[in-house]
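Peer 1: Model the following, please.
(chains A, B and C)
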Amino acid sequence: MDNPIFKLEKVVQEKGNEALQDFEGPLDLILFLLSKNKIEIQDIPIAMILDQYLAYLEQRQQMDLEVASEFVTMAAHLMYIKTRMLLSIEDEEAQSEMDALIKSLEERKRGEIYLRIKGLTERMGPMSEFGRNILTKNPEPMERGKIYEYDQEPADLVLAMQEVFDRQGQIQPPQLDVFDEIVKREPYSVERKARELFQRLKQGGITRFLLLFRGSRSRSELVATFMAVLELCRTRAIRLAGSATDCTVSCSGELPEELKFE
Amino acid sequence: MDNLDMREIESAIEAILFASGEPVQIDRICIALEMDKPTVELVLKKLADHYSYDRRGVRLIRMDESYQLCSSPDYADYIRKAFEIRKPAKLSQPALEVLTIIAYYQPTTRAYVDQVRGVDSSYTVGLLLDRHLIEECGRLQVPGRPRLYRTTKAFLRAFHLNSLDELPEMPGLETDGQMRLNEDGDVVDIVPLSEQAGE
Amino acid sequence: MDNLDMREIESAIEAILFASGEPVQIDRICIALEMDKPTVELVLKKLADHYSYDRRGVRLIRMDESYQLCSSPDYADYIRKAFEIRKPAKLSQPALEVLTIIAYYQPTTRAYVDQVRGVDSSYTVGLLLDRHLIEECGRLQVPGRPRLYRTTKAFLRAFHLNSLDELPEMPGLETDGQMRLNEDGDVVDIVPLSEQAGE
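Peer 2: Below is the predicted model:
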């Protein structure tokens, strides 16, 4: 099938409010119908396109048959393909007719694109003058890329936590008692214990080292007491005397303004 | 770093752009000045206006999200004379054609360019790659895995475009019937460039 | 090239100096503009005054018979900051996990993170500290006095959050059932995160 190129202004001139359309050949009309229906060339639905094609030809008020013959031929051809396809899906002849039609349409389209591109280069050419008349400069010497910036989605946090839970085979976060050793309620902070001990020594004077631990209710309180004694000794607020088995503690100075446990 | 007044912000941005020489992403400026993008964009606009309104020796150009200082085209002849350099060659008609096809249909393959032009474009594609006007951007997922090409920041700069949206409108494109390749290399309808830019 | 007025001469010299980036001998400028040295020197002086008087982002420096534009030292800190930033990157899976645990349980210790993850996290915690995504915020008042960690402003920025209030809700983690520690290491009810962020 050839690509007829006829100027068919008269044939397909539209009247009314629709924009003037003219088609140089039947293939242009088919391409127009395809694009109007947003259909890819490969998926050409012959029945629908044929209907629209005929409807389009009918719309024309003045049909100059001589000039329109190519369009009418195409209509007949479309009808032929449609009929063959309706008769049998596996009709090879109809299929090859379709392929030929598709190929012609694609060539036609490429040709159109090339024409458009050529038209565009006439506008692009002068635009490129700008680039020929500017210069950029080299960067000043400087260190680059020492600070890291990250770009994450908030949802990444949820996914990461899910991953952790999944790995542990549990959906719930770990039970509280797992962390007892680390974050257990601590009634006596070292600092508080130190203040308490110092107060006690200031009032009661000398006492036995071991007595300091009497009444402790938890292992952590014992540890807090021991650490408080060490810290108070270091700051010379209290004094240890005697032997390993019989050790006494006495107040020997003032409580430091700030107790440091770093 | 203290708080800056408007003029100081402008100068700080000028300093950053000058020191870089190369295109600077606006995000960098935002982070460096700890300011939000709309504010920085406003100051950049002011700076660009100052350069062109006062006909300074430099110009501020935008390429998508990046900004760069360049010498003003008004004084190109004096610069060339001072450094005894020649005006860069004009793009040839084939080069312009290939570049235009890639600009409008990007990302696209050389095979597609060849199809549209009806001739082999490998030499011209190589030339445009050398001049950094186009660049590779992956491969098409079809047999042979042909390379995909797109235009570069240098392309936007050379054609004085702020973004691809500013390309001249293609005639007859109001219809959606533009031919494009999908992942299988089939011809499909065009994807609006604005959507592609968002990738 | 037409005759230039004073302001155009200044801009032309600015353009020449900009395009070079490097020191330019005054003779070159004289030749390019077809002007004598005293006049060019005068314009250079005016240009230098404009930059420093208006506290622009660039400065004009003179070395013997050469002149060069450079970025203003006033804005060196901003320039450095703008270019020391790397391109936005993605965090590794371990880093994400540690960061997530710290974000939701802050302030918390490394031992706690280790317990939740079931693996040692010391390297990752160090990495996150190095990248300023977490920071130390005191020590837990328990034996060993382990360090406490919390997330930073950089963390909020990286995850596009305005405040910790905007942390996504964590399925399987009842907000009220979250274990939190006060300064004495006591487990307390959740403190509204906004209050902490305001520190």
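
Peer 1: Any regions of chain A where pLDDT drops low?
Peer 2: A:1-24, A:59-68, A:88-89, A:145, A:169-188, A:257-262 (pLDDT under 70).

Peer 1: List, one by one, the residues from it near chain B.
Peer 2: Selection of chain A residues close to chain B by CB under 8 Å from any CB of the partner chain yields A:31-32, A:34-36, A:38, A:40-42, A:106, A:109-110, A:112-114, A:116-121, A:123-125, A:127-128, A:130-140, A:142, A:149. (Glycine included, C-beta is placed from N, CA and C.)

Peer 1: Restricting to the residues you listed, which residues neighbour chain C?
Peer 2: A:135, A:137-138, A:140, A:142, A:149.

Peer 1: Columns neighbour count and secondary structure on top of those, output as TSV?
Peer 2: Shown next, in TSV, are those (neighbours: other CB atoms under 10 Å in any protein chain shown; DSSP: H, G, I helix; E, B strand; the rest coil):
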residue	neighbour count	secondary structure
A:Leu135	21	coil
A:Lys137	22	coil
A:Asn138	11	coil
A:Glu140	16	coil
A:Met142	14	coil
A:Glu149	18	coil
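
Peer 1: what's the most distant pair in these?
Peer 2: A:Leu135 and A:Glu149 (30.8 Å; CB to CB).

Peer 1: Grab the most central residue of chain B for me.
Peer 2: A centroid search over chain B (CA atoms, centre = their mean) returns B:Leu156, at 2.4 Å, as the residue closest to the centre.

Peer 1: I'd say it and B:Arg150 touch.
Peer 2: No. Judged on CB atoms under 8 Å, B:Leu156 makes no contact with B:Arg150 at a distance of 11.4 Å.

Peer 1: Alpha carbons of the strand or helix carrying A:Ala47, as CSV, please.
Peer 2: In this structure, A:Ala47 sits in helix A:46-59 according to DSSP states H and E. Below are the C-alpha coordinates for helix A:46-59, written out as CSV (Å, rounded to 0.1, in the frame of the first residue of the first chain):
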residue,chain,number,x,y,z
ILE,A,46,-9.5,-2.0,13.1
ALA,A,47,-13.3,-2.0,13.8
MET,A,48,-13.3,1.1,15.8
ILE,A,49,-10.9,3.0,13.6
LEU,A,50,-12.9,2.0,10.5
ASP,A,51,-16.1,3.4,12.1
GLN,A,52,-14.4,6.6,13.0
TYR,A,53,-12.8,6.9,9.6
LEU,A,54,-16.1,6.5,7.8
ALA,A,55,-17.8,8.9,10.2
TYR,A,56,-15.1,11.4,9.5
LEU,A,57,-15.5,11.1,5.8
GLU,A,58,-19.3,11.5,6.1
GLN,A,59,-18.9,14.6,8.1
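
Peer 1: Tell me how far that helix lies from the chain's centre.
Peer 2: Distance of helix A:46-59 from its chain centroid, counting by CA atoms, centre = their mean, to the nearest Å, is 44 Å.

Peer 1: mind listing what's buried in it?
Peer 2: Buried positions in helix A:46-59, judged by neighbour count with 16 or more other CB atoms under 10 Å in any protein chain shown: A:46, A:49-50, A:52-53, A:56-57.

Peer 1: Show me which of these is closest to chain B.
Peer 2: A:Ile49 (13.2 Å; CB to the nearest CB).

Peer 1: which residues of chain B fall in helices?
Peer 2: Secondary structure of chain B (DSSP state H): helices at B:6-20, B:26-33, B:37-53, B:76-83, B:93-105, B:110-117, B:122-130, B:153-158, B:193-197.

Peer 1: between the first one and helix C:76-84, how many degrees?
Peer 2: When axes from the mean of the first three to the mean of the last three CA atoms, to 10 degrees is applied, the directions of helix B:6-20 and helix C:76-84 differ by 50 degrees.

Peer 1: How far away from the center of its chain is helix B:6-20?
Peer 2: On CA atoms, centre = their mean, the centre of helix B:6-20 falls 22 Å from that of its chain.

Peer 1: for it, packing partners?
Peer 2: helix B:26-33, helix B:37-53, strand B:66-71, strand C:58-63, strand C:66-71, helix C:76-84 (3 or more CB pairs under 8 Å, 6 or more residues apart in numbering or on different chains; DSSP states H and E).

Peer 1: and if you look at the longest one?
Peer 2: Here helix B:37-53 touches helix B:6-20, helix B:26-33, strand B:58-63, going by 3+ CB pairs under 8 Å, 6+ apart.

Peer 1: A:Leu222 is nearest to which of those?
Peer 2: Using CB to CB, the helices and strands packed on helix B:37-53 put helix B:26-33 closest to A:Leu222, at 51.4 Å.

Peer 1: Show me what counts as buried in that closest one.
Peer 2: Neighbour count says helix B:26-33 has B:26-33 buried, by 16+ other CB under 10 Å.

Peer 1: got a list of what the residue nearest to the residue nearest to the centre of chain B when sequence neighbours are not counted touches?
Peer 2: In space, and not counting its chain neighbours, B:Leu156 is closest to B:Met63: 4.2 Å by CB to CB, 6 or more residues apart in numbering or on different chains. By CB atoms under 8 Å, 6 or more residues apart in numbering or on different chains, the residues touching B:Met63 are B:23, B:153, B:156-157, B:161-163.

Peer 1: Tell me the buried residues within these.
Peer 2: B:23, B:153, B:156-157, B:161.

Peer 1: Tell me the one of the residues you listed nearest chain A?
Peer 2: Of those, the one sitting nearest to chain A (CB to the nearest CB) turns out to be B:Arg157, at 6.3 Å.

Peer 1: from memory that closest one sits against A:Asn133, does it?
Peer 2: No. If you go by CB under 8 Å, B:Arg157 and A:Asn133 don't touch, sitting 11.6 Å apart.

Peer 1: Please pull out the lowest mean pLDDT helix or strand from chain B.
Peer 2: helix B:193-197 (a mean of 42; mean pLDDT, DSSP states H and E).

Peer 1: Could you give the bridge partners of the residue nearest to B:Leu156?
Peer 2: Under DSSP bridges, the beta-bridge partners of B:Met63 are B:Ser66.

Peer 1: okay, now the domains of chain B?
Peer 2: Following automatic domain parsing, one finds the domains of chain B at B:6-83, B:93-196.

Peer 1: which of the ones you listed is buried the deepest?
Peer 2: A comparison of those by mean neighbour count, using mean count of other CB atoms under 10 Å in any protein chain shown, puts domain B:6-83 on top with a mean of 19.

Peer 1: hang on, the earlier thing: and the domains of chain B, which one's lowest on average pLDDT?
Peer 2: Within the domains of chain B, the stretch with the lowest mean pLDDT is domain B:93-196, showing a mean of 81.

Peer 1: which phi and psi does A:Arg217 have?
Peer 2: Here is the backbone geometry of A:Arg217 (degrees, to the nearest 10): phi -100, psi -10.

Peer 1: Can you give me the distance of it to chain B?
Peer 2: 52 Å (CB to the nearest CB, to the nearest Å).

Peer 1: Let me see the ranges of the strands in the stretch 51-200 of chain A.
Peer 2: Counting by DSSP state E, counting those that start in this stretch, the stretch 51-200 of chain A has no strands to list.

Peer 1: Which single residue of it ends up nearest chain B?
Peer 2: Closest point on the stretch 51-200 of chain A to chain B, by CB to the nearest CB, is A:Gly131, at 2.8 Å.

Peer 1: Correct me if wrong: that residue contacts B:Leu161.
Peer 2: No. A:Gly131 is not in contact with B:Leu161 according to CB under 8 Å; the separation is 10.3 Å.

Peer 1: The helix or strand containing A:Ala228: what's the following helix or strand?
Peer 2: For A:Ala228, the element it lies in under DSSP H and E is helix A:219-234. For helix A:219-234, the following helix or strand on the C-terminal side (DSSP H and E) is strand A:238-242.
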